[in-house]
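In: Have a look at this prediction, sequence included:
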Amino acid sequence: MIGNAIKYTPQGGHIKIKTIIEQQQVIIQVIDNGYGIPAADLPFIFNRFYRVRSGKANEIEGNGLGLAIVKSIVEQHNGHLSVESEPGKGSLFSVRLPLTNK
């Protein structure tokens, strides 16, 4: 997620990483003010090999596996991955993982 934030945020943009402890979960957020993701693409961005092909995102190299791998790892740890995004304004990716006492 951090790698994508770097790739999809133009020079001079901002990336913030936050962690929050809430209701027996740790929430990790990666927030950027990069290119953003069109609403039509949001349901598919965690699918293997899916790439956003519009706007500036079309100029960036990649194979469409990064977010699918992140989702798989998060789910293997009983977590949840979500995204909020708006073209031209940036994206907020959130990972929620349960806290354990182990």
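Out: Alright, I've got the coordinates.
In: C-alpha from now on. contacts and neighbour counts both.
Out: Noted.
In: Can you check the pLDDT for the most centrally placed residue in the chain?
Out: When Cα atoms, centre = their mean is applied to the chain, the residue found nearest the centroid is residue 93 (3.9 Å). Note on residue 93: pLDDT of 98.
In: low pLDDT regions in the protein?
Out: The model of the chain has pLDDT under 70 over residues 55-59, 101-102.
In: For stretch 74-87, give me every contacting residue.
Out: Here stretch 74-87 makes contact (Cα atoms under 8 Å, 6 or more residues apart in numbering) with 35-39, 42, 71, 91-98.
In: quick revisit: now for the helix or strand hosting the residue nearest to the centre of the chain, which elements pack on it?
Out: Residue 93 is part of strand 90-98 when elements are defined by DSSP states H and E. For strand 90-98, the packing partners by 3 or more Cα pairs under 8 Å, 6 or more residues apart in numbering; DSSP states H and E come out as strand 25-32, strand 80-86.
In: That strand pairs with which strands?
Out: strand 25-32 (antiparallel), strand 80-86 (antiparallel) (DSSP bridges).
In: re earlier: just the contacts of stretch 74-87 now: which is nearest residue 2?
Out: Nearest to residue 2 among these: residue 93, at 9.5 Å, using Cα to Cα.
In: In contact with that closest one, which residues?
Out: 1, 29-31, 81-84.
In: Check the helices and strands packed on strand 90-98 for me and report the most buried one.
Out: The highest average neighbour count among these, using mean count of other Cα atoms under 10 Å, belongs to strand 25-32 at a mean of 19.
In: Which parts of this structure are helices?
Out: 2-7, 66-76 (DSSP state H).
In: dump the residue contacts of residue 8.
Out: Taking Cα under 8 Å, 6+ apart, one finds 34-36, 57, 60 in contact with residue 8.
In: ditto for residue 96
Out: Here residue 96 is in contact with 25-28, 79-81 (Cα under 8 Å, 6+ apart).
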